[in-house]
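Engineer: Sequence plus predicted model, see below.
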Amino acid sequence: MAPNSPRAGAFGPLAAQLLERVRAQHPLVHHITNLVVMNDTANATLALGALPVMAHAREEVAEMVGAAGSLLLNPGTLAPEWVEAMLLAGRRANELDVPIVYDPVGVGATAYRNATAERLLGELTIAVIRGNSGEIGALAGAGGLVKGVESVEGVADPIAVASGLAKERGTVVAITGKRDILSDGHRTLGVDNGDAMLTTITGSGCMSTTAIAIFCAVERDYLTAAAAALACYGLAAEVAARGAAGPGSFRASLLDALYRLTPAEVASGARVVELG
Amino acid sequence: MAPNSPRAGAFGPLAAQLLERVRAQHPLVHHITNLVVMNDTANATLALGALPVMAHAREEVAEMVGAAGSLLLNPGTLAPEWVEAMLLAGRRANELDVPIVYDPVGVGATAYRNATAERLLGELTIAVIRGNSGEIGALAGAGGLVKGVESVEGVADPIAVASGLAKERGTVVAITGKRDILSDGHRTLGVDNGDAMLTTITGSGCMSTTAIAIFCAVERDYLTAAAAALACYGLAAEVAARGAAGPGSFRASLLDALYRLTPAEVASGARVVELG
Amino acid sequence: MAPNSPRAGAFGPLAAQLLERVRAQHPLVHHITNLVVMNDTANATLALGALPVMAHAREEVAEMVGAAGSLLLNPGTLAPEWVEAMLLAGRRANELDVPIVYDPVGVGATAYRNATAERLLGELTIAVIRGNSGEIGALAGAGGLVKGVESVEGVADPIAVASGLAKERGTVVAITGKRDILSDGHRTLGVDNGDAMLTTITGSGCMSTTAIAIFCAVERDYLTAAAAALACYGLAAEVAARGAAGPGSFRASLLDALYRLTPAEVASGARVVELG
């Protein structure tokens, strides 16, 4: 056991249980997400055992979210009417106690993305925020540089930044990277599953957010849910990377691996460490 | 020959002829479809031998449909301006006698989807409606439960529902599932090709609608066209499922199989039965 | 050496150098592109070693393009607000001397596409226009027939058309096909890399435009940049076609091959000929 993971052994079976719950309950995850990754995130949702619905019309989002186990907001290709739809769906989700998972794609890159992030965070209660180091740094005002939608410079102390932003916003914060850092402001976890091939495809971060939204639909401890989701997703990426000849075959294999992932593999393979 | 398929043997060669016609004529299929599946349905169109065009601007849809062999309307990620575009394109298609194939994705899930379905069905003459059991049940007022865009509870008597809705609306109705049920209100067919792997990817229903639209562009008997399309699509799915390790590899193999499908395979492999 | 390629041997090492530059600099390519190919072109961008950003909100495009090495405009699924965004981003790109690469998808198919092309060409300085023979013929008023977004009839003399349009518009023109023809109005090149499997998938033309935009971000001689990009892209297609069982596996393999393409392979494999 790694020196900084006193309870690591306990997490695998817990994550496995949550995966079993997803496969038994098939929760509906309402995505209002970006145009680039919709197909990938819908397929990732199905592969993990949940049901996706992508719906963004202001005329129906409040009704649609009423049937959902969680709501995912990803303004990666934002536009004003989509932001309004996110707010409408988000307010209804808050009323119904449907957890909202928020992926602040490209925040820090433009003033419009920053203003949108402020609106979403200001008007909605968010269960989990998931971003790369540059995005979370931008949200936290802690440095970090975003070029387009890529983190080109991360934050210096991700544990402090995740924990601080979680406390400030009353949410769980997940910074994904080589080691994923998650905090609810009180407890901080690290997830060491994953593979560098994830950085070679578009939407890999967005799919990890989808995994988090799925697990938040079956578990109200959102820190645990998010860590279990990232462990499962990272494990599938490890399997997929083994036979991949490049990003195209990796992408197909990632869906295969998510679909074939078993609770037993998760119980033994999840690498989650306590960081504070 | 199965007891309920007195003319089953005759259908394979007919379906094979229609596939040959598609490959010879390369009809253009104008899609106004949802944001999740656009890439998949465009690729499926090409793989079967037809040409896709995705165009939704109200400024051009009436002109674009004038060059098309059929028009596909799929409001899976509907929004008001897209519905208007569907109506504009649809009215022009009706004037030009270009067949319209309609996929009522997620109808039953929200009032907005129901109202949109009523508008499309009320204002346009539709050649074929293709949906899952829950969607067709919702359209027919015959029960069926839709969660997001998934049918979670089908109709009790799909033959009666398909036949009844076809008569009521003066169209062909196709309910896809383990056995596809198709009716024009007078004659009802069952198609037994397909594979359960289709349920593991997003857009598999949408791609089956695309196949129907392609075949309707080369054959004016829309019941025959739709059954031939579903037999071809289902056959390709059977081939694709054989080597697939999961949904990611299945999805790639499905396009390969659609592309490689031969009229001879269709002639011998189509499993179409007369049901009334 | 082919009789019409007196300097062909020199081009491979030059193209290889540009690929090395892409891999070293990771330029950001701002895409305002169509809904069908966004995922494919984002993945192709990453596979070649650059960074994609897809952003179309009028609220942010001018700011986003300020961080980009090039701007790609592809109105394949155009709508009024997207055209406005293209103009806003394009004007800012011109001010900042960020090269614009323009893909006139489906021009010639509708009056709206023609009018949009005229606006973009009239209001913006374009570095490279890339289209199929029918599209470039339509732009040049030189014949060519477009059905949907497919060229069903090419121009009779592509060298004269490319060269003439390049002179008229003060840009580089690339007509892709079995032999790609590129001209800046003074010098004309042919690129013989590629594979017929490219015609079996949607977005293959759009991805070639993405390759051009990437190379234009690292080389100011846009004719050289575009030819190098098409040679690299075509080489990857040749590799991908070898093991492909159809369009689904080809599409995955194309991303693999773009990712694995080495400067040494480009130096020896680029088939670029001087045509005038």
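Structural biologist: Received the coordinates, thanks. Remember, predicted model here, so these are calculated numbers, not experimental data.
Engineer: So which bits of chain A are right by chain C?
Structural biologist: A:34-37, A:39-40, A:76-80, A:106, A:109-113, A:147-150, A:200-203, A:244-249, A:251-252 (Cβ under 8 Å from any Cβ of the partner chain). C-beta coordinates here come from the backbone N, C-alpha and C atoms, glycine included.
Engineer: Tell me the buried residues within the residues you listed.
Structural biologist: For the residues of chain A next to chain C, a burial check counting by 16 or more other Cβ atoms under 10 Å in any protein chain shown picks out A:34-37, A:39-40, A:76-79, A:106, A:109-110, A:112-113, A:147-150, A:200-203, A:244-249, A:251-252.
Engineer: Narrow those residues to those in strands?
Structural biologist: Counting by DSSP state E, those place A:147, A:150 in strands.
Engineer: Just read off the phi/psi values of residue A:132.
Structural biologist: Here the main-chain torsion angles of residue A:132 (degrees, to the nearest 10) amount to phi -80, psi 180.
Engineer: okay, how far is it across stretch A:216-230, tip to tip?
Structural biologist: Its first and final residues considered, stretch A:216-230 spans 12 Å by Cα to Cα, to the nearest Å.
Engineer: Any idea which residue is closest to the centre of chain A?
Structural biologist: The residue at the geometric middle of chain A, judged as the C-alpha nearest the mean C-alpha position with Cα atoms, centre = their mean, is residue A:209 (2.2 Å).
Engineer: List the neighbours of the least confident helix or strand in chain A by mean pLDDT that are in contact with it.
Structural biologist: Within chain A, no helix or strand scores below strand A:150-153, which has a mean of 78 by mean pLDDT, DSSP states H and E. Contacting residues not belonging to strand A:150-153 are listed as A:132-135, A:137, A:143-146, A:177, C:28, C:51 [Cβ atoms under 8 Å, 6 or more residues apart in numbering or on different chains].
Engineer: Which positions in it come out as buried?
Structural biologist: Neighbour counts using 16+ other Cβ under 10 Å place A:150-152 of strand A:150-153 among the buried residues.
Engineer: Can you tell me which of these is closest to chain B?
Structural biologist: Chain B has its nearest neighbour among these in residue A:150, at 22.5 Å by Cβ to the nearest Cβ.
Engineer: measure that closest one to residue B:109 for me?
Structural biologist: Noted for residue A:150: a distance of 35 Å to residue B:109, by Cβ to Cβ, to the nearest Å.
Engineer: in chain A, which spans are helices?
Structural biologist: Listed in chain order, the helices found in chain A under DSSP state H are A:8-25, A:38-48, A:61-65, A:80-96, A:111-123, A:133-140, A:158-169, A:204-216, A:222-243, A:247-260, A:263-269.
Engineer: can you list these in TSV and add mean pLDDT?
Structural biologist: Converted to TSV, the helices of chain A look like this (pLDDT from 0 to 100):
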stretch	mean pLDDT
helix A:8-25	92
helix A:38-48	98
helix A:61-65	98
helix A:80-96	98
helix A:111-123	97
helix A:133-140	95
helix A:158-169	96
helix A:204-216	98
helix A:222-243	98
helix A:247-260	98
helix A:263-269	97
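Engineer: who wins for proximity to residue C:100 among those helices?
Structural biologist: Proximity to residue C:100, assessed across the helices of chain A by Cβ to Cβ, is greatest for helix A:111-123 (21.2 Å).
Engineer: just to revisit the earlier point, quick one: the least confident helix or strand of chain A to chain centroid distance?
Structural biologist: Distance of strand A:150-153 from its chain centroid, counting by Cα atoms, centre = their mean, to the nearest Å, is 18 Å.
Engineer: State the phi and psi torsions of the nearest residue to residue A:53 once chain neighbours are set aside.
Structural biologist: Ranked by Cβ to Cβ, 6 or more residues apart in numbering or on different chains and with sequence neighbours excluded, the top spatial neighbour of residue A:53 is residue B:148, at 3.0 Å. The main-chain torsion angles of residue B:148 are listed as degrees, to the nearest 10 and equal phi 70, psi -110.
Engineer: surely residue B:148 meets residue B:108?
Structural biologist: No. Counting by Cβ atoms under 8 Å, residue B:148 stays clear of residue B:108, with 10.3 Å between them.
Engineer: measure stretch A:146-166 end to end?
Structural biologist: End-to-end distance for stretch A:146-166: 20 Å, by Cα to Cα.
Engineer: do the same with stretch A:14-33
Structural biologist: With Cα to Cα as the measure, the first residue of stretch A:14-33 is 29 Å from its last.
Engineer: pLDDT wise, what is the residue nearest to residue A:53 at?
Structural biologist: Listed pLDDT for residue B:148 reads 82.
Engineer: measure it to residue C:62 for me?
Structural biologist: The gap separating residue B:148 from residue C:62 is 37 Å, by Cβ to Cβ.
Engineer: do residue A:240 as well
Structural biologist: Between residue A:240 and residue C:62 the distance, using Cβ to Cβ, works out to 39 Å.
Engineer: Those two - which one has more neighbours?
Structural biologist: For residue A:240 versus residue C:62, neighbours defined as other Cβ atoms under 10 Å in any protein chain shown are more numerous around residue A:240 (24 against 18).
Engineer: The more buried one contacts residue A:261, correct?
Structural biologist: No. At 10.3 Å, residue A:240 does not count as touching residue A:261 under the criterion of Cβ under 8 Å.
Engineer: Tell me who's in contact with the nearest residue to residue A:271 once chain neighbours are set aside.
Structural biologist: The spatially closest residue to residue A:271, leaving aside those adjacent along the chain, is residue A:192, at 4.0 Å (Cβ to Cβ, 6+ apart). With contact set as Cβ under 8 Å, 6+ apart, residue A:192 has these partners: A:179-180, A:234, A:271-273.
Engineer: Looking at those residues, which two lie furthest apart in space?
Structural biologist: By the measure Cβ to Cβ, the contacts of residue A:192 have their two most distant members at A:234 and A:273, which lie 12.9 Å apart.
Engineer: joint contacts of those two?
Structural biologist: Taking Cβ under 8 Å, 6+ apart as the contact definition, residue A:234 and residue A:273 share the neighbouring residues A:191-192.
Engineer: Distance of residue A:237 relative to residue A:154?
Structural biologist: Taken as Cβ to Cβ, the span from residue A:237 to residue A:154 is 20 Å.
Engineer: Ignore what I typed, I meant residue A:108.
Structural biologist: 12 Å.
Engineer: For burial, what's the neighbour tally of the residue in the stretch 1-150 of chain A positioned nearest to chain B?
Structural biologist: Going by Cβ to the nearest Cβ, chain B is nearest to residue A:53 of the stretch 1-150 of chain A, at 3.0 Å. By the other Cβ under 10 Å criterion, the neighbourhood of residue A:53 contains 26 residues.
Engineer: returning to that earlier point: given the least confident helix or strand of chain A, what are its sheet partners and their directions?
Structural biologist: In its sheet, strand A:150-153 lies beside strand A:145-147 (antiparallel), with partners assigned from DSSP bridges.
Engineer: So which residues on the stretch 51-200 of chain A come close to chain B?
Structural biologist: A:51-57, A:59-60, A:63-64, A:67-68, A:81.
Engineer: Sitting in strands, which of those residues do you find?
Structural biologist: A:51-54.
Engineer: and of the buried residues of strand A:150-153, the nearest to residue C:44?
Structural biologist: Distance ranking of the buried residues of strand A:150-153 against residue C:44, using Cβ to Cβ, places residue A:150 first at 15.7 Å.
Engineer: so the closest one bridges to which residues?
Structural biologist: With DSSP bridges as the criterion, residue A:150 is bridged to residue A:147.
Engineer: how far away is it from residue C:53?
Structural biologist: Residue A:150 is 8 Å from residue C:53, where distance means Cβ to Cβ.
Engineer: Now for the two: what residues contact both?
Structural biologist: Residues touching both residue A:150 and residue C:53 (Cβ under 8 Å, 6+ apart) are residue C:28.
Engineer: Please report how far the nearest residue to residue A:190 once chain neighbours are set aside lies from chain C.
Structural biologist: Once its chain neighbours are removed from consideration, residue A:190 has its nearest residue in residue A:273; the separation is 4.5 Å (Cβ to Cβ, 6+ apart). With distances defined as Cβ to the nearest Cβ, to the nearest Å, the gap from residue A:273 to chain C amounts to 30 Å.
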